[in-house]
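Visitor: coords below, sequence missing:
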Ligand SMILES: [Fe+2]
């Protein structure tokens, strides 16, 4: 190709992709190239700035392994992960929120009414919720919730050799009417890794690495789209500044201050061993019908 100019390069890119065997792949690549070209023309990076970007990606590749993915972190920090979630949230369903890096396949079963607290440090939290059909509001029968969160020291079990495998992870099957309950401890804010190029980006932007405290949830049920989301609590200081843009208004729950003796769900295994004061949230998880 001879005579490519700054003005013509986007069109030239589209032309050489004309024989792409996959129309969707062509659309994604040609559009991305066009947006990148426009960004370059707008910001006019120097060769040093371009090299710094390539070096950041190279360091990201060096840091990425089975337990850490700096590219996913970049996606999260740019808001890309959250935007993909938002664009794919069905009408009326609970908002999606990032999966994050601490999900473990094969979580231990957790009975409906079961206990993830097990007397560990932290503020005891009772969760009494329901999984409902996004359109009708009726309970979803056979819903399975994959739940995970950090412990009272702010760490997930995979980060902390002091915690038993699968601590604060649970796979819970809801009741026929979609209701579920459990005891746990209040999840805590934590930082995303900031010792790599993702952290360099945060520092360059004057941003914090903190995530608002959250309980991770994957909800699945026959005939429904799987939902990957997070539950947050009102009053968390990082709700407005969550490093990965994961907070959506419908996912932020009020927290009730409860006392021993307050009515709790009958199914709660730990109801007789609750402390003098504890917290409660009542999430409603709305699922949309269809496949993923
Ligand atoms: Fe998390």
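Guide: Received, thanks. These numbers were taken from a predicted model, which means no experiment stands behind them. Numbers count the residues shown, from 1 in each chain.
Visitor: what sits against the spatially most central residue of the chain?
Guide: Central residue of the chain (CA atoms, centre = their mean): residue 98, 2.3 Å from the mean position. Residues in contact with residue 98 (CB atoms under 8 Å, 6 or more residues apart in numbering) are 76, 81, 82, 85, 228, 230, 244, 246. To be clear about C-beta, it is placed using only N, CA and C from the backbone, and glycine gets the same treatment.
Visitor: now the fourth one: phi and psi?
Guide: Reported as degrees, to the nearest 10, the phi and psi values for residue 85 are phi -60, psi -50.
Visitor: grab the nearest non-local neighbour of it.
Guide: The shortest distance from residue 85 to any non-neighbouring residue, by CB to CB, 6 or more residues apart in numbering, is to residue 96 (3.8 Å).
Visitor: do residue 252 as well
Guide: residue 232 (4.6 Å).
Visitor: roughly how far is the helix or strand encompassing that neighbour from the heart of the chain?
Guide: Residue 232 belongs to strand 227-233 when elements are defined using DSSP states H and E. Put simply, strand 227-233 sits 7 Å off its chain's centre (CA atoms, centre = their mean, to the nearest Å).
Visitor: now residue 69: how far from residue 103?
Guide: Note on residue 69: its distance to residue 103, by CB to CB, to the nearest Å, is 12 Å.
Visitor: and for residue 155?
Guide: From residue 155 to residue 103 the distance is 15 Å (CB to CB).
Visitor: out of these two, which sits in the more crowded spot?
Guide: residue 155 (18 against 15; other CB atoms under 10 Å).
Visitor: dump the residue contacts of that one.
Guide: 163, 190.
Visitor: can you list phi and psi of it for me?
Guide: According to degrees, to the nearest 10, residue 155 has phi -110, psi 150.
Visitor: and it, how far from residue 121?
Guide: Applying CB to CB to residue 155 and residue 121 gives a distance of 12 Å.
Visitor: picking that back up, now the residue nearest to the centre of the chain: phi and psi?
Guide: Dihedral angles (degrees, to the nearest 10) for residue 98: phi -50, psi 150.
Visitor: in the protein, which strand has the most residues?
Guide: If you go by DSSP state E, the chain has its longest strand at strand 124-133.
Visitor: tell me the angle it makes with strand 227-233.
Guide: Going by axes from the mean of the first three to the mean of the last three CA atoms, to 10 degrees, strand 124-133 is angled at 140 degrees with respect to strand 227-233.
Visitor: next one: strand 124-133 to chain centre, how far?
Guide: 18 Å.
Visitor: do a quick rundown of the strands in this protein.
Guide: Under DSSP E, the chain gives strands at 109-110, 124-133, 144-148, 169-173, 179-185, 190-191, 210-211, 215-220, 227-233, 252-253, 256-259, 277-281, 284-287.
Visitor: can I get these in JSON lines with mean neighbour count?
Guide: Formatted as JSON lines, these follow (neighbours: other CB atoms under 10 Å):
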{"stretch": "strand 109-110", "mean neighbour count": "16"}
{"stretch": "strand 124-133", "mean neighbour count": "22"}
{"stretch": "strand 144-148", "mean neighbour count": "22"}
{"stretch": "strand 169-173", "mean neighbour count": "19"}
{"stretch": "strand 179-185", "mean neighbour count": "24"}
{"stretch": "strand 190-191", "mean neighbour count": "17"}
{"stretch": "strand 210-211", "mean neighbour count": "21"}
{"stretch": "strand 215-220", "mean neighbour count": "22"}
{"stretch": "strand 227-233", "mean neighbour count": "23"}
{"stretch": "strand 252-253", "mean neighbour count": "17"}
{"stretch": "strand 256-259", "mean neighbour count": "13"}
{"stretch": "strand 277-281", "mean neighbour count": "18"}
{"stretch": "strand 284-287", "mean neighbour count": "21"}
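Visitor: hey, what's the residue lying closest to residue 223 once chain neighbours are set aside bridged with?
Guide: Distance criterion CB to CB, 6+ apart; nearest residue to residue 223, sequence neighbours excluded, is residue 289 at 5.8 Å. Beta-bridge partners recorded for residue 289 (DSSP bridges): residue 224.
Visitor: ok, residue 289 - contacts?
Guide: For residue 289, counting by CB under 8 Å, 6+ apart, the contacting residues are 133, 134, 135, 223, 224, 225.
Visitor: residues touching the last one, list them.
Guide: So that's residue 225. Contacts of residue 225 by CB under 8 Å, 6+ apart are 90, 93, 287, 288, 289, 290, 291, 292.
Visitor: 10 Å instead?
Guide: Residue 225 sits next to 88-90, 93, 96, 134, 219, 287-292 when contact means CB atoms under 10 Å, 6 or more residues apart in numbering.
Visitor: alright, I will stop here.
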